[in-house]
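[1] Coordinates for the following, if possible.
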Amino acid sequence: MREQILAIIEKNSRIDIHELAVILGVEEIDVANELKAMEEEGIICGYHTMIDWEKTSIEKVTALIEVRITPQRGQGYDNIAERIYKYPEVNSVYLISGGYDLLVSLDGKSLKAVSSFVSEKLSTLDGVLSTATHFVLKKYKDHGTILTKKYEDTREKVTP
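    Purely as a prediction, here's the structure:
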């Protein structure tokens, strides 16, 4: 039942417990208890709302920053990753394979704000060797949700 609940709420965290119970064919109390247990165990870490900021009047810039670091003896990448994820601008930090060690996702009010964060806060951390900043220009799909509508030709077909 856990895997089924997780698969459903990952796509729709606002689903009603009653509806979830009906889908799973179990009692509501069983679903509620399972959700509570998974929250207590840290399996469910939070519930989020996905917003298409392009459709609002709020200016927001998203950047993906590759960070190359020197791992610390006995700590590896964890201490530097923790220092990075504690910044409120930072949305995500991932340890990755390839030419860089960490991938940092963050939001800022402008390109300048993000650039300032990278040059003044991120690049100056002990152990950070280099960074590469990539600005997100358009999101097509985020967290499994398609954000753009496919163009539909609404013209009437003319046949000879």
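[2] where do the helices sit along the protein?
    With helices called from DSSP state H, the chain shows them at 2-11, 17-24, 28-40, 78-85, 111-117.
[3] Could you check how far Gln72 is from Val31?
    43 Å (CB to CB, to the nearest Å). Where C-beta positions appear, they are placed from N, C-alpha and C, glycine not excepted.
[4] what about the two, which has more around it?
    Set Gln72 next to Val31 and count neighbours by other CB atoms under 10 Å: Val31 wins out with 24 against 13.
[5] Determine how far stretch 102-115 lies from the middle of the whole chain.
    14 Å (CA atoms, centre = their mean, to the nearest Å).
[6] To clarify, my last question referred to stretch 89-99.
    That offset, for stretch 89-99, works out to 11 Å (CA atoms, centre = their mean).
[7] Then stretch 57-72?
    12 Å.
[8] got it, and stretch 8-18?
    With CA atoms, centre = their mean as the basis, stretch 8-18 stands 18 Å off its chain's centre.
[9] Given the lowest-mean-pLDDT helix or strand in the chain, what are its sheet partners and their directions?
    Every helix and strand of the chain was ranked by mean pLDDT, DSSP states H and E. The lowest is strand 145-146, at a mean of 81. Strand pairing for strand 145-146, using DSSP bridges, gives strand 141-142 (antiparallel).
[10] List of residues touching the strand it pairs with?
    Identification of contacts with strand 141-142 by CB atoms under 8 Å, 6 or more residues apart in numbering yields Met50, Leu147.
[11] cutoff 6 Å now
    With contacts defined as CB atoms under 6 Å, 6 or more residues apart in numbering, strand 141-142 is touched by no residue outside it.
[12] and the gap between the nearest residue to Tyr87 once chain neighbours are set aside and Ile65?
    Nearest non-adjacent residue to Tyr87, counting by CB to CB, 6 or more residues apart in numbering: Lys121, 6.5 Å away. Counting by CB to CB, the gap from Lys121 to Ile65 is 11 Å.
[13] who has more neighbours, these two?
    Neighbour tally, Lys121 and Ile65, criterion other CB under 10 Å: the higher count belongs to Ile65, 23 against 15.
[14] tell me the contacts of the more buried one?
    By CB under 6 Å, 6+ apart, the contact set of Ile65 is Val104, Thr131, Thr133.
[15] Ile102 pairs with what?
    Quick fix: residue 102 reads Leu, not Ile. Assigned bridge partners for Leu102, using DSSP bridges, are Val67, Leu95.
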